[in-house]
Structure formats: C-alpha cells, structure tokens
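give me the fold of what follows.
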Amino acid sequence: ALRAKIEAKRNERFAEADTDDDGALSLEEFSAIGAIARLAKRHPDAVEKIFNRLDEDEDGGVSADEFTLHLRHKRHHCNKPPHRPGRPDGEGEGEGEGEGEGEGEGEGEGEGEGEGEGEGEGEGQGQSQDQQDQNFPGRNRVEEASRRMREAQKKLDEANREGAAEDQEAAIAELEKAKAELEEILRQLREEELERVLAMLEARFRQMLKWQQEVYDATVLLDNKFETERDRADEIEASRLSGKEARIVAEVDKAMILLREDGTSVAFPEAVSQMREDMENVMSRLDTTKVGKITQLIELDIIEALKEMIAALEKAQKDQENRKNPPPGQPGQPGDPPLVDKLAEFRMIRALQMRVNRRTAQYQAMIQEGEVEGSRLKPEIQQLGEREERIENIARDIVQGKNQ
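The predicted structure follows:
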C-alpha cells in the first residue's frame, strides 16, 4: 500500500508538470517543477544535465516511464546502508548530488522521493516515527512548558503559590515561543507552495495562449474564403479547431483546480471562469463552421485575457521573490501572502469590465450596420448582462475582504 501511494504521488507530479498533456516533459516543463525551478535560478546548466540524463532514449522529452523508472531504479540499486555507530536505526540515507528534497513515508524504513538540487534526485529511506517525533518543530519548547506546568502543579499541591505562579509564567513563555516557531515554519511552507502554484499556473496559461493564437490564426484563414466556396475539407478543418479549443478548455479546468485550492483570490477565478465560457462559445461556433467576425472577436478577447493573466502571475512571482529577500533594514511582510495582491485583483476587475463594454459596443455596431440581426446576438447580449452582475459581486467581495 505504501509503494502504491508513493507511485501514485510520482504519477501525480508528472501529470501536473506535463502542462500540454503530450505524455512527455519538455525541458521547459521540467524546469518549472518545484525544486528544479529554484535550482535553475542558481545553476541553470545543472538543470539541463539532469534533464538529458533522464531522457534515456534521447527523444528530447522525459516520458512518464523515464521519470518514474529512474527513481525506482535508484531505490532498488541502493542497498540499505550499514549501521553507523551513533546513528539511530531507521534514519534515512539520501542519495543524490546536491540537495535532496524528498518526502519520507511510513515508519521505520520508509521510502522517499524528491528532486535533487544538483545532479541527481534525492532519494532515500525515511526516518523512523520516533525520530520524526523528536524532530517535530517546537517539541523542545512544548516539553519544557510541560515540565514547568508539572512543577507548578507540584508547588500548588505544596501550597507554594508564589513559586507555582513563576513556573506557570515560564510555561506560558515557552508555549508562546513554540507557537512562534510553528508559525514561522507554516509561513515558509506557504511561500514554497505559493511559488509552486504560481509557476505551474504561468506554464499552463502560456501553453493555452500558444494554442489559442494558433486557433485564431487558422480561423482567420478559413474566413478568408467566401462561404459559398467552402467545401468539406473546410468543415473538417473547423471541426479540428473546435477540438483544439476543447483541449484548451481542459487546461483551463486544471488551472481552476489550483485556483480553488489556493482560495486567496476572487477576481482571478472569475476572470478564468468568464474566459472558459468564451472558449466554449468559440468551440461551439467552430463546430458549426462559424468562423466570421463574432467568433474572431471572442477569440481575440480570450487571447487578451490570457496575456493579462500571465502578466499578473509574472508580477506575483516577482513580489514573492521580494518578500523572501527584502532590502536591508526592511522587515518582511507578516502573514500568509495571497496568490495575487489586491491591486492585481482590481486590475483584473477593470479588465473584465472593459471587455464587457467593448464587446457591447461591437455588437451594437454590427446590428446598426446590418452585419447581423439583433435576434441572433440575443444569447451573447444576455451573457454580457449576467457578467456585469458578476463583476459587481466580486468587486464587493474584495472590498469586504472575502479573499482574505
């Protein structure tokens, strides 16, 4: 059961990194993986060396088998290290050149995996449960507080109230220190998780932008043909583009999972949700070979939205780097950082509103110029009205602090 859990974890990591779902990691996708992304900032050449070593068949991509089999190969060919004097049984030995960032599982001799921040993947045996308890953050503080409380209880039993009060105060002080240590560790974990989410979201949105631009360019080419000149091949091409748009929608759904799990943003998920609706509209229109002006306008709005999201994610990553390395003499910001700051949220709301205004004006001009009947645009116009209400709601939610 433990091995199955570890294997499932490896497969999950591979799926998250494989942003284009082609079954292989490109160097760019590989470089976006947690520890590898951090390593790339310090030792760019080492990342490519690791990638080339994993790419055993030299096809330019790391397959799921190469990704997982390599880790299993290293584990099976690494015998249990001999017991060394002074080292408790059950302590893990990590193999890998550089820093191993592994996850230990189980009691006693567990199994771990992780990416190495050098030339290798850190992999070793997990620590025993007793050792994990001993290394628990703040443990010493809590034990000292417990000892003080026992002494206070003993002195109370002996009617030594003054001495008991001193021990109680000391116990409270130790607990406060333990709390501070735990809060600092939780803050660091939040920062690491935030870096991972931001990097994954940026990689996904960049891939979506690339595909969406390709769909738009192909739509324009189809529209250059007069409708009376289109044949079966053009219908097949439009259907193919519809399928490609569906693939982009699937990527959006994966991004939405990350945004919902984070839960610190209000405007970002709403912007992604509205973009997804536009993509479904494009998908439906292309499936019926509607490649005209309306379809192209919606596609351009999607492209613009993706560029805005990528810019917001890039800024968020820079802000996160500044939080980790504040200027000398300037303290770091307290509390858990959000995915994007409040200013970025309001910018996104403004962009959503401008998109509604622009599309309303475009539809109005098309009706007035006789390019399309108003009845044909009724669903689109109704959707714009609904979006107006949703934009108002998320603006109110941010003002009321519902994204805190």
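
could you find the closest non-adjacent residue to residue 252?
residue 276 (4.8 Å; Cβ to Cβ, 6 or more residues apart in numbering). Just so you know, the C-beta spots here come from the backbone N, C-alpha and C atoms, and that holds for glycine as well.

that neighbour: helix or strand, and which one exactly?
For residue 276, the host element (DSSP states H and E) is helix 267-287.

next, the buried residues of that helix.
267-272, 274-276, 278-279, 281-283, 285-287 (16 or more other Cβ atoms under 10 Å).

just the C-alpha atoms of that helix, please, in CSV.
Taking Å, rounded to 0.1, in the frame of the first residue of the first chain, the C-alpha atoms of helix 267-287 are listed here in CSV:
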residue,chain,number,x,y,z
ALA,A,267,-11.2,38.2,-9.3
PHE,A,268,-8.7,35.7,-10.8
PRO,A,269,-11.0,32.7,-10.7
GLU,A,270,-13.9,34.8,-12.0
ALA,A,271,-11.7,36.0,-14.9
VAL,A,272,-10.8,32.4,-15.7
SER,A,273,-14.4,31.3,-15.5
GLN,A,274,-15.5,34.0,-18.0
MET,A,275,-12.7,33.1,-20.3
ARG,A,276,-13.8,29.5,-20.2
GLU,A,277,-17.3,30.5,-21.2
ASP,A,278,-15.9,32.3,-24.2
MET,A,279,-13.8,29.3,-25.1
GLU,A,280,-16.9,27.0,-25.0
ASN,A,281,-18.7,29.6,-27.2
VAL,A,282,-15.8,29.5,-29.7
MET,A,283,-15.8,25.7,-29.6
SER,A,284,-19.5,25.5,-30.4
ARG,A,285,-19.3,28.1,-33.2
LEU,A,286,-16.3,26.4,-34.9
ASP,A,287,-18.0,23.1,-34.7
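
after it, next one along is what?
helix 293-324.

okay, angle between that next one and helix 267-287 too, please.
With axes from the mean of the first three to the mean of the last three Cα atoms, to 10 degrees applied, the angle from helix 293-324 to helix 267-287 works out at 150 degrees.

quick one: mean pLDDT over helix 293-324.
Here helix 293-324 scores 90 as its mean pLDDT.

helix or strand next in line after that helix, which one?
Counting by DSSP H and E, what follows helix 293-324 is helix 342-368.

dump the residue contacts of residue 295.
Counting by Cβ atoms under 8 Å, 6 or more residues apart in numbering, residue 295 makes contact with 219, 282, 285-286.

of those, closest to residue 236?
residue 286 (11.5 Å; Cβ to Cβ).

which ones are touching that closest one?
Neighbour list for residue 286: 215, 219, 238-239, 241-242, 245, 295 [criterion: Cβ under 8 Å, 6+ apart].

just flag the most distant two among those.
Among these, the pair separated by the greatest distance (Cβ to Cβ) is 239 and 295, at 13.8 Å.

I'd assumed residue 248 was in contact with residue 280.
No - if you go by Cβ atoms under 8 Å, residue 280 and residue 248 don't touch, sitting 10.2 Å apart.

pLDDT on stretch 30-40, on average?
For stretch 30-40, mean pLDDT is 77.

can you start the count at 47 instead of 1 from here on
Yes, from this point I'll number from 47; that puts the last item at stretch 76-86.

number of nearby residues for residue 212?
Neighbours of residue 212 under the rule other Cβ atoms under 10 Å: 15.

right, and the helix or strand after the helix or strand where it lies?
In the assignment (DSSP H and E), residue 212 maps to helix 207-269. Heading C-terminal from helix 207-269, the first helix or strand you meet, by DSSP H and E, is helix 278-308.

list the buried residues for that following helix?
Buried residues in helix 278-308 (16+ other Cβ under 10 Å): 280, 283-284, 287-288, 290-291, 294-295, 297-298, 301, 304-305, 308.

okay, now the unreliable bits of this structure?
47-52, 115-211, 213-214, 217, 220, 224-237, 371-383, 448-450 (pLDDT under 70).

again, 90 this time
Residue ranges of the chain with pLDDT under 90: 47-246, 271-276, 303-313, 358, 361-394, 414-426, 440-450.

mind listing residues that contact stretch 359-368?
For stretch 359-368, contacts defined as Cβ under 8 Å, 6+ apart pick out 237, 240-241, 244-245, 247-248, 251, 383, 385-387, 390.

mind putting these in TSV, distance to residue 79 and neighbour count included?
Formatted as TSV, these follow (distance: Cβ to Cβ, whole Å; neighbours: other Cβ atoms under 10 Å):
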residue	distance to residue 79	neighbour count
237	17	16
240	15	20
241	11	18
244	13	22
245	8	19
247	14	25
248	13	20
251	17	25
383	21	19
385	19	23
386	22	23
387	26	16
390	25	21
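
are we agreed that residue 447 is in a strand?
No - using DSSP: H, G, I helix; E, B strand; the rest coil, the assignment for residue 447 is coil, not a strand.
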